[in-house]
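In: sequence-free structure coming up:
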């Protein structure tokens, strides 16, 4: 089954019935017989597996490094999953939490706690990674005078429930 053209236009990417991906060179020189165009077997990561691993928190670059898969191939399937992760992180940061001084969205509580520490809000990095149980780990990375810090929450999107997973998140 045809999947895509390579970014450089020199190959087409096909998937066979076993789910293996094959790159086939596109014949451009009419003097080269078709029998000399050899298919190259690419590592057997299906589109579903690529998206599963990125959804679980790997960056496309890390996935390419770990599996030896070409980054261009990974990037065919990564953008919608990266957008999903960003959306879930944004949704989680807006989750209303209850605290002794009242209720409010998580982002407001985070900003109120980090403001006295002179943390640049432009440096906050929110991310999400899906767990096998369907819930999400929400992470907030930010610089501090003591070095980079990270807080993690467990987020259930179905119930809009958010629970701190570490001391930094508390």
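Out: Now that the structure is in, tell me what you want to look at. Because the structure is a prediction, the values reported are computed rather than measured.
In: okay, now the residue nearest to residue 74 when sequence neighbours are not counted: neighbour count?
Out: Among residues not flanking residue 74 along the chain, residue 60 sits closest, at 4.7 Å (CB to CB, 6 or more residues apart in numbering). For the C-beta atoms, the positions are set from N, CA and C on the backbone; glycine is no exception. Per other CB atoms under 10 Å, the neighbour tally for residue 60 reads 21.
In: per-residue confidence for residue 60?
Out: Note for residue 60: predicted pLDDT of 96.
In: What separation do you get for it and residue 53?
Out: Distance, residue 60 to residue 53, using CB to CB, to the nearest Å: 10 Å.
In: residue ranges with poor pLDDT in the chain?
Out: Scanning the chain for pLDDT under 70 picks out the ranges 5-9, 27-44, 101-102.
In: I'd like to know which elements the longest helix along the chain is packed against.
Out: For the chain, the helix that runs over the most residues, judged by DSSP state H, is helix 71-93. The contact analysis (3 or more CB pairs under 8 Å, 6 or more residues apart in numbering; DSSP states H and E) places helix 71-93 against helix 47-55, helix 60-67, helix 106-114, strand 125-130, strand 136-144, strand 147-156.
In: and the longest one, which strands flank it?
Out: Strand 147-156 has these partner strands in its sheet, going by DSSP bridges: strand 136-144 (antiparallel), strand 161-164 (antiparallel).
In: Now do the buried residues in it.
Out: 151, 152, 153, 154, 155 (16 or more other CB atoms under 10 Å).
In: Stretch 53-65: how far from the chain's middle?
Out: 6 Å (CA atoms, centre = their mean, to the nearest Å).
In: ok, now stretch 92-108?
Out: Taking mean C-alpha positions (CA atoms, centre = their mean), stretch 92-108 and its chain are 25 Å apart.
In: follow-up on the earlier one: quick one, which of the helices and strands packed on helix 71-93 gets closest to residue 170.
Out: In terms of CB to CB, the element of the helices and strands packed on helix 71-93 nearest to residue 170 is strand 147-156, at 8.4 Å.
In: Could you tell me the angle between the closest one and strand 125-130?
Out: Orientation note: strand 147-156 sits at an angle of 40 degrees relative to strand 125-130 (axes from the mean of the first three to the mean of the last three CA atoms, to 10 degrees).
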